[in-house]
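J.: pasted the sequence and its predicted model underneath.
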Amino acid sequence: MVTAGVVLLVVYVGSPKSVSKVSEVEISSSSTISTPMNSTYSWVPTSTTIESDNTTDEQSTEETESSSPDPSELTSSPPATEPNSPFSPSEPTPSPPAKPIHAPEVYPAAPEPPNTGANNGSIPRVRPLWGLTYSPYNTDGSCPDVNTVAAQLQKVAAATGHIRLYSTDCSQLSSVLQAITRNNIALDVYAGIWLAAGPTRMQADLDQFVAAAKTYGTGLIKGLSVGNEDIFNGMSEATLIGYINQVRARLQAEGLSGIPIYTTEQDAKFSRALVLVSDVVEINVHTIFDGYFANLDASVQSVIQRANHIKNNVAGGKPVRIGETGWASAGNTGPSPLSLANEIAYAQKFKCAAAAAGFEYFYFEAKDAQWKAGAVVSEQNFGIFNAGFTPKFDFGLLNNC
């Protein structure tokens, strides 16, 4: 995603984010296609075409729409609006299957979100998403206080039961655990340690993780990702494995060995060596950066196909979880048409397909990342909430499987 065709490299040091690139991906022994490295195999259409204008991120600076579009727009292809590694699915990309019939997952009712304005009434009590990535930074990049975090998490808890953090900076893990505990918010936490800024930052994150876990207990902490897309961003596999082993040894010494430890990496970069040191195989898959676009169904099925490839050919029986996937409501990633209508449609189709395939996932992301100063427009507009934490659409639309 976070942090991560057209080739685009954006590296953010010190603040978690996703970056996107393009690589060659071998789909089968008889076909090779170009696809973004932080995302899925590019699905090459045979006859489908779309209409789009090729407005670039530099040209598009409009604010993300704040109101829900008409449901009839969800399958349209609005104006195009940026830019993962070589694994081969065991079978060619199929035609999009019929939508599965799947009852929405029901969680205990979360506390009523505060009435802060427009669209709060659009958050349903049936939480439509398995998980969401959550970066709490204020729009100007500063750190929010615990009351701000609590207000945001009360809204997030109406959309999902699980959140993924990327770091512990800004005391975010402590603030999240404190907010959940004090307000009885129905959320599980999957924490993160940020590696891209080097060993000093890594050690600070680890120290803060240990302190937070000892202060608030480990009951809410369901996992710890050591890094995010670090192999993709140039770290050696040996260095990453060293960090994972260091974190595991520290938690064992601190009496915190019951927490699953793993890394999160683009599926193409998740090697068997990483599997050996990870309790969970967590992969980021973003078809939004693919060099070809046929339709949203094909984009979603490509994500599931790649996740199944990792499950069947790489994971060695360990659980596979999708750490990031999503669709931006504005910007330009290449041929994929970015709009609010297509963000809604992608989220709904992906949620249903992931549930049918049995994958846990963290949808990317909770709020628009306006705090990513200098980032391209698309990178700032993946949220299901806008930067002010108002829902961008009626989340009830995601329950229509």
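T.: Yes, it's here.

J.: and stretch 242-260, what's buried?
T.: Applying a neighbour-count criterion of 16 or more other CB atoms under 10 Å, one finds 243, 244, 246, 247, 248, 251, 256, 259 buried in stretch 242-260. Where you see a C-beta, it was placed from the backbone N, CA and C, and this is true even at glycine.

J.: against residue 275, how distant is the second one?
T.: From residue 244 over to residue 275 the distance is 11 Å, taken as CB to CB, to the nearest Å.

J.: do the fourth one as well
T.: Going from residue 247 to residue 275 by CB to CB gives 17 Å.

J.: with the fifth one instead?
T.: Summarising the geometry, the distance separating residue 248 from residue 275, computed by CB to CB, is 15 Å.

J.: got it, and the first one?
T.: Counting by CB to CB, the separation of residue 243 from residue 275 is 16 Å.

J.: now residue 231, nearest residue through space, not along the chain?
T.: Spatial nearest neighbour of residue 231, chain neighbours left out: residue 269 (4.3 Å); criterion: CB to CB, 6 or more residues apart in numbering.

J.: tell me who's in contact with residue 204.
T.: 168, 169 (CB atoms under 8 Å, 6 or more residues apart in numbering).

J.: try 10 Å
T.: Applying CB atoms under 10 Å, 6 or more residues apart in numbering to residue 204 gives the contacts 167, 168, 169, 193, 194, 197.

J.: and what of residue 398?
T.: Counted by CB under 10 Å, 6+ apart, residue 398 has contacts 104, 124, 126-129, 159, 344-345, 347-352, 363, 384.

J.: and residue 182, how many residues sit next to it?
T.: 11 (other CB atoms under 10 Å).

J.: list the contacts of stretch 244-262.
T.: Residues contacting stretch 244-262 (CB under 10 Å, 6+ apart): 190-191, 193, 195, 199, 202-203, 205-207, 209-211, 213-214, 218, 221-227, 263, 274-282, 318-319, 321, 323.

J.: just the buried members of those?
T.: Buried among the contacts of stretch 244-262 by 16+ other CB under 10 Å: 190-191, 193, 195, 202, 205-206, 209-210, 213, 218, 221-227, 263, 274-275, 277-282, 318, 321, 323.

J.: quick one: the strands in the stretch 151-300 of the chain, in order.
T.: Assigned by DSSP state E, counting those that start in this stretch, the stretch 151-300 of the chain shows strands spanning 162-164, 188-193, 221-228, 261-266, 281-284.

J.: let's have those in CSV, adding distance to residue 296 and mean pLDDT.
T.: Listed next are the strands of the stretch 151-300 of the chain as CSV, based on distance: least, CB to CB, whole Å; pLDDT from 0 to 100:
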stretch, distance to residue 296, mean pLDDT
strand 162-164, 23, 98
strand 188-193, 27, 98
strand 221-228, 25, 98
strand 261-266, 21, 98
strand 281-284, 19, 98
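
J.: between the ones you listed, which gets nearest to residue 357?
T.: Evaluated with CB to CB, the strands of the stretch 151-300 of the chain place strand 281-284 nearest to residue 357, the distance being 13.5 Å.

J.: and the closest one, what does it pack onto?
T.: Under the contact definition 3 or more CB pairs under 10 Å, 6 or more residues apart in numbering; DSSP states H and E, strand 281-284 sits against strand 221-228, strand 261-266, helix 296-313, strand 320-325, strand 360-363.

J.: mind putting these into JSON lines with distance to residue 287?
T.: Shown next, in JSON lines, are these (distance: least, CB to CB, whole Å):
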{"stretch": "strand 221-228", "distance to residue 287": "18"}
{"stretch": "strand 261-266", "distance to residue 287": "12"}
{"stretch": "helix 296-313", "distance to residue 287": "4"}
{"stretch": "strand 320-325", "distance to residue 287": "8"}
{"stretch": "strand 360-363", "distance to residue 287": "13"}
